[in-house]
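Sequence first, then the predicted structure:
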Amino acid sequence: MNNLNPRNLVIVDDHAIVRQGLKMLINSQDGLELVAESDGTDNVVDLCLKNKPDLLMLDITLPNTNGIELIKQIKKEIPKLPVLIFSMHDENLYAMHAIKAGASGYLHKNQPFEKYLEAIQTVLDGKKYLSATMVQLIADRIHTGDDESPQDKLSFREFQTLKMLASGLTVSDIAEKLFLSVKTISMYRSRILQKLKLKNNSELISFAIKNKLLD
């Protein structure tokens with residue numbers, strides 16, 4: 001990699017210790033430079049437009065929004081900017097949502113630094129990055145002809161609502177957590193039941209347990 005032309009990165013994560021660790025890792029590598037970081041409370045699109053990074057590293061869980069919705073917004077405003085998601089959430093549950101939204105890769109936060117560098121370089125090279133586990137899962141689905149699990153039919157907001165309902169939260173609780181109206185969450189619940197052909201919350205909980213959707 002040409003040291004005279006480093007590849008610039010922006011990191012968005014709401015934990016300062018995570019940003020500090022990644023900053024040290026990135027700036028220790030020849031050819032990589034962290035040009036900006038954010039806890040996610042400011043306008044990430046404006047941050048990227050200002051700093052013109054070659055790669056955005058983005059957490060899914062952020063204070064005022066979620067990474068999936070943010071990916072869609074970024075790809076609309078800056079379509080050529082690659083986005084690498086890194087998260088503590090199970091990749092089996094969230095990676096496909098991220099890729100469908102436009103992310104170039106998904107990395108679980110418990111990976112060693114070597115995997116972070118591998119993921120960064122892969123995405124900077126214009127390729128998609130998924131773990132071996134996720135690649136095998138996709139291959140298995142294609143082999144069996146079942147390339148979409150039932151929950152894949154849900155939008156990310158519907159998927160979030162499903163998990164929260166299954167964990168015992170009320171519609172009002174979910175509305176407060178997601179900064180949405182009770183009416184909107186009720187609409188999501190109705191769509192979930194319809195798409196998954198479920199009748200009530202009891203069946204919804206059973207579905208979540210059966211499909212291992214609870215963290």
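Arrived safely. What you are looking at is a predicted structure, and each value in this text was computed from that prediction instead of being measured. Residues are numbered from 1 along each chain as shown.

Regarding residue 34, which helix or strand does it belong to?
Here residue 34, judged by DSSP states H and E, is contained in strand 32-38.

typed the wrong thing, it's residue 42
With DSSP H and E as the criterion, the answer for residue 42 is that it lies in no helix or strand.

any idea how far residue 12 is from it?
Here the criterion is Cβ to Cβ, to the nearest Å. By it, residue 42 lies 9 Å from residue 12. In short, each C-beta sits where N, CA and C put it, glycine included.

ok so, going back, let me know the next secondary structure element after the strand holding residue 34.
Following strand 32-38 in sequence order, the next helix or strand is helix 44-51 (DSSP H and E).

So what angle separates the directions of that following helix and strand 32-38?
Counting by axes from the mean of the first three to the mean of the last three Cα atoms, to 10 degrees, helix 44-51 lies at 140 degrees to strand 32-38.

Which strands or helices does helix 44-51 pack on?
strand 7-12, strand 32-38, strand 55-58, helix 67-77 (3 or more Cβ pairs under 8 Å, 6 or more residues apart in numbering; DSSP states H and E).

In TSV, list the ones you listed along with mean pLDDT.
Below are the helices and strands packed on helix 44-51 laid out as TSV (pLDDT from 0 to 100):
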stretch	mean pLDDT
strand 7-12	95
strand 32-38	94
strand 55-58	96
helix 67-77	91
